[in-house]
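Participant: What follows is a predicted protein model with its sequence.
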Amino acid sequence: MHEFGIAQSILEAVRTEAAKHPGARAVKVGVRIGPMAGVDRESLSFCFQAAAEMDGDAGLALELEEGASDELDLKYIELEEP
Amino acid sequence: MTRVPLEQKVLSENDRAAAELREQFRASGTLCLNIIGSPGCGKTALLEKTLAAMDPYARVAVLTGDIQTDADAQRLGRYGFPARQITTGGACHLDARMIVRSLSGWLTGDVDLLFIENVGNLVCPTSYDLGEHAKIVVLSAAEGEEKPLKYPGIFYKSELMVLSKVDLLPYVPFDRELAIRNARATNPAIEVVEVSATTGQGIDGWLQWIARRRSAAGLRVS
């Protein structure tokens, strides 16, 4: 069960990126996962929700896309600008 | 709403630490092998047999990961080579930062060969680059030959499958050819060595694989 750690890494990356856009709030993050990445999508979604809530980011959505081979990449974040 | 495209690895923090390790291994001429398999597949026994077969002056070290206890470091420490335990305290895999921390200030000189025995698990260690030259998956004859199909990630990422406990083959319903076929269905390039840590069968072939891998990595063959 390393999906919680992966969820935390995604949240860390979102925070780093959002910090470059003062006043903006991240609402969605897109992640691409390949079939050989060794990551369970359902478990990652569950962990992500839990980790986001713990960090007070309950409104942040995770969108998973089907990737190739062992891909485990961040593709985009969506920001709500003030 | 603004969509900001990102092109980065989810585990970029880990990958940064792994790149640091890779540079360290390059500078010290160390071949690093990351050994992964289920609990009880014989990772520690394989390493015991490997260390026992080494020249006593060989520059070899072992890091071994477990959730609790230093039992494996104690087992591996009996062969005269440095062996250090990483106790993850709950984490089901080793990550690159744990390796950086464990190597820091540990070895007094460079080593030619560093084994990392990962936490027993066929899933989670797959995602983490430890700066190693190769991941190696251990599958024992006491498991099922369908494991490469059930856990494709690790077989896909490994250069070598060590089929262990082959001394049990006459006694267990394990089809070794099917296991190899399944591994190659996931990763056509995967190499296979068959070993028994109990009888010593195949240990030579495994040591030869390591020597070939050293030279493929452009490192001196010791």
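Facilitator: Great, that's in hand. Numbers count the residues shown, from 1 in each chain, chains lettered A, B, ... in the order given.
Participant: Who are the contact partners of B:Thr108?
Facilitator: With C-beta atoms under 8 Å, 6 or more residues apart in numbering or on different chains as the criterion, no residue contacts B:Thr108. No exception for glycine: its C-beta is placed from N, CA and C like everyone else's.
Participant: again with A:Ala50
Facilitator: By C-beta under 8 Å, 6+ apart, the neighbours of A:Ala50 are A:4, A:7.
Participant: Please report phi then psi for it.
Facilitator: Main-chain dihedrals, A:Ala50, degrees, to the nearest 10: phi -60, psi -50.
Participant: Tell me where chain A has strands.
Facilitator: Counting by DSSP state E, chain A has strands at residues A:25-33, A:61-66, A:72-80.
Participant: what's the neighbour count on residue 56?
Facilitator: Because you didn't say which chain, this covers chain A. For A:Gly56, the neighbour count with other C-beta atoms under 10 Å in any protein chain shown is 8.
Participant: let's do chain B instead
Facilitator: 8.
Participant: ok, and the closest non-adjacent residue to it?
Facilitator: Nearest residue to B:Pro56, sequence neighbours excluded (C-beta to C-beta, 6 or more residues apart in numbering or on different chains): B:Gly80, at 5.9 Å.
Participant: Kindly report the same for B:Cys41.
Facilitator: Among residues not flanking B:Cys41 along the chain, B:Ser140 sits closest, at 4.3 Å (C-beta to C-beta, 6+ apart).
Participant: residues contacting the residue most central in space within chain B?
Facilitator: Centroid-nearest residue in chain B: B:Ile35, 1.2 Å away (criterion: C-alpha atoms, centre = their mean). Applying C-beta under 8 Å, 6+ apart to B:Ile35 gives the contacts B:43, B:46-47, B:115-118, B:136, B:138.
Participant: roughly how far apart are the nearest residue to A:Leu62 once chain neighbours are set aside and A:Ala58?
Facilitator: Once flanking residues are discounted, A:Leu62 sits nearest to A:Phe48: 4.6 Å by C-beta to C-beta, 6+ apart. According to C-beta to C-beta, to the nearest Å, A:Phe48 and A:Ala58 sit 11 Å apart.
Participant: Neighbour count for the two, which is higher?
Facilitator: More neighbours surround A:Phe48 than the other of A:Phe48 and A:Ala58, with 24 against 10 (other C-beta under 10 Å).
Participant: ok so, going back, make sure the residue nearest to A:Leu62 is actually in contact with A:Ser9.
Facilitator: No. Between A:Phe48 and A:Ser9 there is no contact under C-beta atoms under 8 Å: 10.4 Å.
Participant: what residues does chain B put near chain A?
Facilitator: Residues of chain B lying near chain A by C-beta under 8 Å from any C-beta of the partner chain: B:1-14, B:91-93, B:95, B:123-124, B:126-128, B:151-154, B:156-157.
Participant: cutoff 6 Å now
Facilitator: Proximity of chain B to chain A, by C-beta under 6 Å from any C-beta of the partner chain, involves residues B:1-6, B:8-11, B:92-93, B:123-124, B:126-127, B:152-153, B:156.
Participant: picking that back up, look up how far chain A lies from the residue nearest to the centre of chain B.
Facilitator: 16 Å (C-beta to the nearest C-beta, to the nearest Å).
Participant: Check which helix or strand that residue maps to.
Facilitator: Per DSSP states H and E: B:Ile35 is located in strand B:31-37.
Participant: Quick check: what element follows that strand along the chain?
Facilitator: Toward the C-terminus from strand B:31-37 - assigned by DSSP H and E - lies helix B:43-53.
Participant: got the buried residues for that next one?
Facilitator: For helix B:43-53, burial by neighbour count (16 or more other C-beta atoms under 10 Å in any protein chain shown) applies to B:43-51.
Participant: Stretch B:6-26 too?
Facilitator: B:6, B:9-11, B:13-15, B:17-18, B:21-22, B:24-25.
Participant: from those, which ones fall inside strands?
Facilitator: Among the buried residues of stretch B:6-26, the members found in strands (DSSP E) are B:6, B:9.
Participant: and which of the buried residues of stretch B:6-26 is nearest A:Lys75?
Facilitator: Minimum distance to A:Lys75 across those is 6.2 Å, recorded for B:Leu6 (C-beta to C-beta).
Participant: any low-confidence regions in chain A?
Facilitator: Applying pLDDT under 70 to chain A picks out residues A:1.
Participant: 90 instead, please
Facilitator: A:1-2, A:38, A:55-59, A:81-82 (pLDDT under 90).
Participant: burial count for residue 67?
Facilitator: I'll assume chain A. 17.
Participant: right idea, wrong chain: chain B
Facilitator: 14.
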